[in-house]
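Participant: Predicted model and sequence follow; I will ask about them next.
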Amino acid sequence: MKIEIIHGDLLQVNCDAIVNPTDIYLSGNGGLDKIIQQKGGNELKAQCNNLRPKMKKDLAVVTDGCRLPFKHIIHVASPHVRQEKNENYELLKQCYWNILTKASGQRDIHHLALPLVGTGVGGYSLLEPYYTIPVALTPVTILSAIALFPYEYIHCRPLEKITIVCHSLQDYIRMKETYKWLFNVHLTSKYDRLHGAMLGGAIGDAFGYPVEFSNAQDSWIKEYILDPETNKALISDDTQMTLFTATGLLFGYTRSCLRGIGADYWHYIGISYQDWYKTQYPQNTLKENPYRYSSWLAKIPELNHRRAPGTTCLLSIEQGLGSIDHPLNHSKGCGGVMRIAPIPLYGAANRHWDQKYNARACAQTAALTHGHPLGWLPAAALGNILFDIMIGFSLSYAIEDTIRLLQKQYGEYEDTKTMVDLIERAVLLANNNGYTSSVNLIAEFDITKQLGEGWVGEEALAIGLFCALIGTGRGFDQCLWNAVGHRGDSDSTGTIAGQIWGAYYGKSAIEEKWLKDLELREVIEEVADDLYNDNKMSEYGSYQDPVWIRKYMSGKYNEPVSNQNKYELYHTYFTDREQITVQDGTFIQNGETTGHYTLHDGGTITGYFDHSSFTVLPDHANHTAEIFCDHGPDRWLGTLYVKTDELNNPLEVKYNNAYALNLIKAISQLVLNTPYYRNLFYIENSG
């Protein structure tokens, strides 16, 4: 979803729909409301009269454009600042969500234009400071509400473009300044961010693991200490448990999709942790889980090595795992926070849940083994920071937003203040020392005296956050050197710093020198691919993925499932392909731009064509490409594969939705012009 800010006249914007700020009576008595209803004529006034009872209930209604050059007009009851019950401007945020909910419900609205609702008679000022940040609270609320909408309302269709129209030049400048502070100027694709976080965390772990128990102040290193037997930078239990967190998530979601019912995700993550425990103690006496699920990671030899696993984690798994309400212990070690990154990465990449559930899932996952509030509060904090980064927010906003979330969601815990104070101290240290020419900031002011040694959760998060903040201006090397160059828990602080920095800048910003010697790099990237691509199967759908089932299901799902008789078979030769061309990330049909696409590392393609969002996944085993829509009970649209006996028309397709044929034609043209897929299909000559 693209957000555009312009200075001009709302009624002159070329879009599908506009927003009319009004009251619950649709009175049309003044301002923009009066102008729109006058220009809309008697037909618009009649529709407003009929919708008045619905307006009082929903606070937003949709009419036709009538005499105005728009398909629809969304009328919304503008809130007033005096009605707000706290400093978070919840009513203003909900107003914008009401607007977007109505817009997403109209299939022919793709581009929406709206004024700064609430800033007129509503009394919301564009000048009121946002906490300690030199931008205003109102524009932060407006822009963040728009960006968060797809995650708060996961079943609603995101719009393609939203244009915010500022009536005055001063308002335009303030909105642009806020936009610059709020969003990540280094923004890469979600694919790149997810892979960057998973690999960055593993790199920080492997970098710090050899010096974790160093008691001297000489642990300052600038390159990997490689294992003499494997010549690899070995990962520790931090990355091991992070990977098992990911497979637990994917097991839980896949089971929910295929069975139609499921528990909270941390329940399945706990089962996956039991599999990790078995890799540490092959002769264990743990009971078999009721789902007969076993993580495929447990079969990888390198993951069946003990890498200084945390005693608290091991004992908690032995005892049956705990929760926030029923803790097993009073531990606040960092073993709870360092492993939760897949939760926000997966949830934000696939729009599975909102911020509130994300923080809860991270906290409950940490509480499986660490019962003290400071054992799981850092997990909620890190989870929200990564979630915000994945959405596209800046690190500065993510930190401020996390502080507010902790205070709002966990304010009843006394330890929340301790967590918030340490986060704010880490930010202050980074701001005060970011200008220095020194490389070794740890030695310069001894971070262990300022933030602790990182053995407990809140200290590990604070150190990792400090180093990630320093690294945003100085690069990944600087981030890592400081994250592990101290006498504390260097692998965990390195993990957290690497996760944050990697999510913010993406895998594309990580130099190959950090990747080439990393143990299990291919496995980490495969897990990251699975988190990004996600399960595409449904109990109601026709698509089956035998490889995915073998990885993330068990019991009767152990054996491959045939696709036979699951869908109708069609053969299409695409004789009209010349009507659709692809060029520089754009689809062009009959001379007009009809969509865009992005080719990611690993061959995944995401984009939209003719207002339909899609994902293309390469199937290397079968030399085919699978096509999916992004929503619906049956997300599978079709399979492209090589037609070996007709080189001038080298693709055939299996598909189960005739309405998607035009989209499939466009994608066939795209993959034929993509070297990655030409190699996948082994096409030697396309004519």
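Facilitator: Nice, thanks for sending it over.
Participant: Where is the longest helix in this structure?
Facilitator: helix 31-58 (DSSP state H).
Participant: buried stuff in it?
Facilitator: For helix 31-58, a neighbour-count test (16 or more other Cβ atoms under 10 Å) marks 32-33, 36-37, 40, 44-45, 47-48, 51, 55, 58 as buried. C-betas here are computed from N, CA, C, even on glycine.
Participant: same deal with stretch 319-332?
Facilitator: 321-324, 327-329, 331-332.
Participant: CSV for the residues you listed, including secondary structure and pLDDT?
Facilitator: Formatted as CSV, the buried residues of stretch 319-332 follow (DSSP: H, G, I helix; E, B strand; the rest coil; pLDDT from 0 to 100):
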residue, secondary structure, pLDDT
321, coil, 95
322, coil, 96
323, coil, 97
324, coil, 97
327, coil, 96
328, coil, 95
329, coil, 96
331, coil, 97
332, coil, 96
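Participant: now, which of those residues sits nearest residue 390?
Facilitator: residue 324 (23.9 Å; Cβ to Cβ).
Participant: thought the closest one was touching residue 363?
Facilitator: Yes: if you go by Cβ atoms under 8 Å, residue 324 and residue 363 touch, sitting 6.3 Å apart.
Participant: quick revisit: quick one: contacts of the helix or strand following the longest helix of the chain?
Facilitator: Next helix or strand after helix 31-58 toward the C-terminus (DSSP states H and E): strand 60-64. Strand 60-64 is contacted by residues 17, 26, 40, 43-44, 47-48, 51, 54-55, 71-77, 98-99, 101-103, 105-106 when judged by Cβ atoms under 8 Å, 6 or more residues apart in numbering.
Participant: If we use 7 Å, what do you get?
Facilitator: The contact list for strand 60-64, computed with Cβ atoms under 7 Å, 6 or more residues apart in numbering, reads 44, 47-48, 51, 54-55, 72-77, 98-99, 102, 106.
Participant: got it, and stretch 34-52?
Facilitator: 20, 25-26, 28, 61, 63-64, 66-68, 73, 75.
Participant: Swap in 10 Å and give it another go.
Facilitator: 10-11, 18-22, 24-29, 33, 55, 58, 61-70, 73, 75 (Cβ atoms under 10 Å, 6 or more residues apart in numbering).
Participant: Rounded mean pLDDT for it, please.
Facilitator: Per-region confidence: stretch 34-52 scores 96 on mean pLDDT.
Participant: How about stretch 224-234?
Facilitator: On average, stretch 224-234 scores 95.
Participant: Quick one: distance of it to the chain centre.
Facilitator: 32 Å (Cα atoms, centre = their mean, to the nearest Å).
Participant: which parts of it are buried?
Facilitator: 224, 232-234.
Participant: Distance to residue 534 and secondary structure added to those residues, as TSV?
Facilitator: Shown next, in TSV, are the buried residues of stretch 224-234 (distance: Cβ to Cβ, whole Å; DSSP: H, G, I helix; E, B strand; the rest coil):
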residue	distance to residue 534	secondary structure
224	32	coil
232	30	coil
233	29	strand
234	30	coil
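Participant: Any chance of those residues in CSV with distance to residue 390 as columns?
Facilitator: Listed next are the buried residues of stretch 224-234 as CSV, based on distance: Cβ to Cβ, whole Å:
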residue, distance to residue 390
224, 28
232, 29
233, 26
234, 28
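Participant: for these, which one is nearest residue 496?
Facilitator: residue 233 (17.5 Å).
Participant: tell me the contacts of the closest one?
Facilitator: 202-203, 205-207, 209-210, 223-227, 514-519, 521.
Participant: Sitting in helices, which of the residues you listed do you find?
Facilitator: Going by DSSP H, the helices hold 202-203, 205-207, 514-515, 521 from these.
Participant: Give me the nearest residue to residue 398, chain neighbours excluded.
Facilitator: Nearest residue to residue 398, sequence neighbours excluded (Cβ to Cβ, 6 or more residues apart in numbering): residue 388, at 3.7 Å.
Participant: Nothing else from me, thank you.
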